[in-house]
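Visitor: My questions are about this predicted structure, shown below with the sequence.
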Amino acid sequence: MDDGDSCYQTMTLPDGQPLAYVDVGEGLPMLLMHGFTGTATSHCGALLRHWRGQYRVIAPDMRGYGRSQPPGRSFPADFYEQDVRDMVSLIDHLALPPVLAVGFSDGAENALLLAARAPERVRAAVGWGVSGVMSRAMVEAVQRWLPAERLLKDEPDWVAQIVARHGEAHFPSMVEGWVRAAEAIYAGGGNICLAQASAVRCPTLLLNGVGEVGNTRDDLHRLAAQIADVTVEIVAGAGHAIHQDRPREFTRRVDAFLQRLGEA
């Protein structure tokens with residue numbers, strides 16, 4: 001998938017924020033959502049190439065990320081709910097039938113929250129790097145990013161990716177903003193989508209890597225227990241970004257789930 005501007009279309013959200021998105025392929029619509037510091041093409045480019053021959057894949061740069069600015073990304077404590085409202089606006093803008101809501105990390109939380117908040121709009125949900133809550137383990141892990149200038153020394157490649165995707169002006173505010181939001185969510189009880197998960201009615205696939213840190217195994221299974229029609233898979237040899245660590249294994253598992261869905 002070309003990462004150039006020609007791949008993207010843009011709509012305007014109700015509050016005037018631009019939302020850029022890739023729209024490729026034909027068939028059942030798949031809403032593909034990236035994670036923190038990503039974009040549609042940087043986090044999901046290989047998946048766009050894989051699925052565009054099977055589905056109509058709509059992959060946004062979420063609010064304030066990449067080409068969906070200005071303004072740049074901010075992280076109020078309800079940013080997940082805000083993202084879901086944006087996805088409903090995108091679905092309405094494109095007049096889509098019920099979608100396959102597919103997401104990584106923050107995008108996975110969004111996929112489940114969308115399925116809970118707007119069940120009539122979601123045919124099935126797939127999420128990886130997910131737990132439904134902001135855990136103490138997650139907060140403690142990301143607090144090590146602060147002060148964000150430390151990442152210039154400790155994670156120079158990641159910093160370079162953030163700058164390339166979003167602009168130099170958005171580092172370190174992007175990192176600091178997410179950490180502060182994580183702290184606020186945790187202080188408020190930690191819920192992201194766990195409390196809403198019992199409203200998810202569609203078939204759902206949750207995948208986490210064996211090496212996942214912030215999204216604990218206990219929290220994953222607690223989330224799954226709230227969803228009526230759920231499959232949970234733990235992927236060996238993978239951490240948070242299963243689609244990058246084990247790309248063939250990841251697509252094999254998701255394709256098998258979606259194929260069973262089509263046969264049901």
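Guide: Everything's here; your move. Residues are numbered from 1 along each chain as shown.

Visitor: For Tyr8, give me phi and psi.
Guide: Note on Tyr8: backbone dihedrals following degrees, to the nearest 10 are phi -100, psi 150.

Visitor: That one contacts Ala20, doesn't it?
Guide: Yes - proximity of Tyr8 to Ala20 meets the contact threshold set by Cβ atoms under 8 Å, at 4.6 Å. Any C-beta I mention is one placed from the backbone N, CA and C, and that applies to glycine too.

Visitor: Need the overlap of contacts for the two.
Guide: 40, 61, 67 (Cβ atoms under 8 Å, 6 or more residues apart in numbering).

Visitor: Would you map the helices across the chain?
Guide: 40-51, 79-93, 106-117, 136-143, 151-154, 156-166, 173-187, 217-224, 242-245, 247-263 (DSSP state H).

Visitor: Listing request: residues of the stretch 51-200 of the chain with sub-threshold pLDDT.
Guide: Nowhere does the stretch 51-200 of the chain drop to pLDDT under 70.

Visitor: on that earlier part again, so which of the shared contacts of Tyr8 and Ala20 is surrounded by the most neighbours?
Guide: Ala40 (30 neighbours; other Cβ atoms under 10 Å).

Visitor: That one: what's it in contact with?
Guide: Neighbour list for Ala40: 8, 20-22, 32, 34, 48, 59-61, 66 [criterion: Cβ under 8 Å, 6+ apart].

Visitor: What's the ChimeraX line that selects buried ones from those residues?
Guide: Remark: buried members of those, expressed as a ChimeraX selection using 16 or more other Cβ atoms under 10 Å:
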select :8,20,21,22,32,34,48,59,60,61,66
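
Visitor: okay, the contacts of Ala40 in CSV with distance to Val163 next?
Guide: Shown next, in CSV, are the contacts of Ala40 (distance: Cβ to Cβ, whole Å):
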residue, distance to Val163
Tyr8, 20
Ala20, 18
Tyr21, 22
Val22, 22
Leu32, 24
His34, 17
Leu48, 23
Ala59, 22
Pro60, 21
Asp61, 16
Gly66, 12
